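Visitor: predicted model and sequence below, questions to follow.
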Amino acid sequence: MKAVILAAGVGSRLGNPFPKSLSTLPSGERILGRQIRILRELGIKEIHVVVGFKKTLLMEEYPQALFRYNPIYYLTNTSKSLLTAIRDLDDDILWTNGDVVFDPEVIKHLLETEGNAVAVDKKKCGEEEVKYRTDEHGMITEISKQVSSPEGEAVGVNLVRRDSLQELVKALDACEDNDYFEKGLEMLVEKTPYRAVDISDHRCIEVDFEVDLVEARRLFADAPNRVSHLPVAKPAPEADVLEKTAG
C-alpha cells in the first residue's frame, strides 16, 4: 500500500499566498501534516505528495515524504497531478486531495474495504461538491459535480487496488488537462467497480473557501489532537526526498 496526496494547486479560492494544505488547524498542525501523520500511524509508510505551487515550502516542511512534481500545475487539474504520481507505481494506492481534513477512521474504513473504494458523505451537497450515485450493490454509477439527485458527496479520499491501477492510469491519461480525477473514475465505473464507503459518522471536510477553513477549525477544535483508538503502527524510517517530473 502506498499513499498519494494531491497538493500541487494554487488554491486561489482560499486566497492565501501559500499552498492551502499548509493552512493550520486548532492543534497547530497543518492540513498536510495531519494527513501524513494519520497515514503513517495507520501503517502506510510510503507517501507521495504531488507538488507544484511553491513546492519548496512543502518539501522543506515535510522531508519525510516523497515528492512528485507536476511542472504544469498551473495549467492542469487533479487528473494530471494524480497521473504524475501513479503512472509508474505498482501497488494498492490510497489517494487524497491535499485540502481534506478527516478523522483517522475515514482511512481505516477504506483500508478495510475489499476492492476499489470511494469515501462518501451522505449529505445535501452544494454546487461545488463532487457528487455521486450508486446501484443496488453500493457501487458507484455516477461521480461528478453535475450528478442529478445525488446521494451525497465524494469527499476526495479514494482507494484503487493494484489489479485496477493501470485502468485508472489509462483513464487519467485520456482526461483533459482541466479535468478533476473524478472524470477518470467516471470513465471507469461501468467496467471497473468502485464501492461507495459511507464515512458520514466521522468528521471530514474539504477546504476550498475561507468559510470551509473556518468550519474545519470549528469541527476539529473540540478534540484537535484526537487520533482515535486505532492500533498505532511503528513509525517508518524517514525516506529521502524524491522529486520527479511528470511523464
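Guide: Okay, I see it.
Visitor: give me the distance between the residue nearest to the spatial centre of the chain and residue 136.
Guide: Taking C-alpha atoms, centre = their mean as the criterion, residue 96 is the residue nearest the geometric centre of the chain, at 1.0 Å. Using C-beta to C-beta, to the nearest Å, residue 96 is found at 28 Å from residue 136. C-beta here means a position set from N, CA and C on the backbone, and glycine is covered the same way.
Visitor: now swap in residue 130 and tell me
Guide: From residue 130 to residue 136 the distance is 22 Å (C-beta to C-beta).
Visitor: and for residue 157?
Guide: 24 Å.
Visitor: for this structure, list the residue farthest from the centre, please.
Guide: residue 136 (25.9 Å).
Visitor: what's the spacing between that one and residue 164?
Guide: Distance, residue 136 to residue 164, using C-beta to C-beta: 21 Å.
Visitor: try residue 67
Guide: Applying C-beta to C-beta to residue 67 and residue 164 gives a distance of 25 Å.
Visitor: can you check residue 210 too?
Guide: For residue 210, the distance to residue 164 (C-beta to C-beta) stands at 37 Å.
Visitor: before we move on, what about residue 205?
Guide: Counting by C-beta to C-beta, the gap from residue 205 to residue 164 is 28 Å.
Visitor: and for residue 46?
Guide: In this view, residue 46 and residue 164 are 19 Å apart by C-beta to C-beta.
Visitor: the more surrounded of these two?
Guide: residue 164 (19 against 16; other C-beta atoms under 10 Å).
Visitor: and the strands in this structure?
Guide: 2-7, 46-51, 66-69, 93-97, 100-102, 116-121, 131-134, 140-144, 152-160, 194-198, 204-206, 243-245 (DSSP state E).
Visitor: partners of the longest one, with directions?
Guide: What it means is strand 152-160. Using DSSP bridges, strand 152-160 pairs in its sheet with strand 93-97 (antiparallel), strand 116-121 (antiparallel), strand 131-134 (antiparallel).
Visitor: in the chain, where is pLDDT below threshold?
Guide: Along the chain, segments meeting pLDDT under 70 span 223-247.
Visitor: how about the helices in the chain?
Guide: 31-41, 55-61, 78-86, 104-111, 162-174, 181-188, 210-219 (DSSP state H).
Visitor: who wins for proximity to residue 118 among those helices?
Guide: helix 181-188 (7.1 Å; C-beta to C-beta).
Visitor: counting by contacts, list what the closest one packs against.
Guide: If contacts are counted by 3 or more C-beta pairs under 8 Å, 6 or more residues apart in numbering; DSSP states H and E, helix 181-188 sits against helix 78-86, strand 140-144, helix 162-174.
Visitor: mind checking how far stretch 183-197 is from the chain centre?
Guide: Centre-to-centre, stretch 183-197 and its host chain are 16 Å apart (C-alpha atoms, centre = their mean, to the nearest Å).
Visitor: done for today, thanks.
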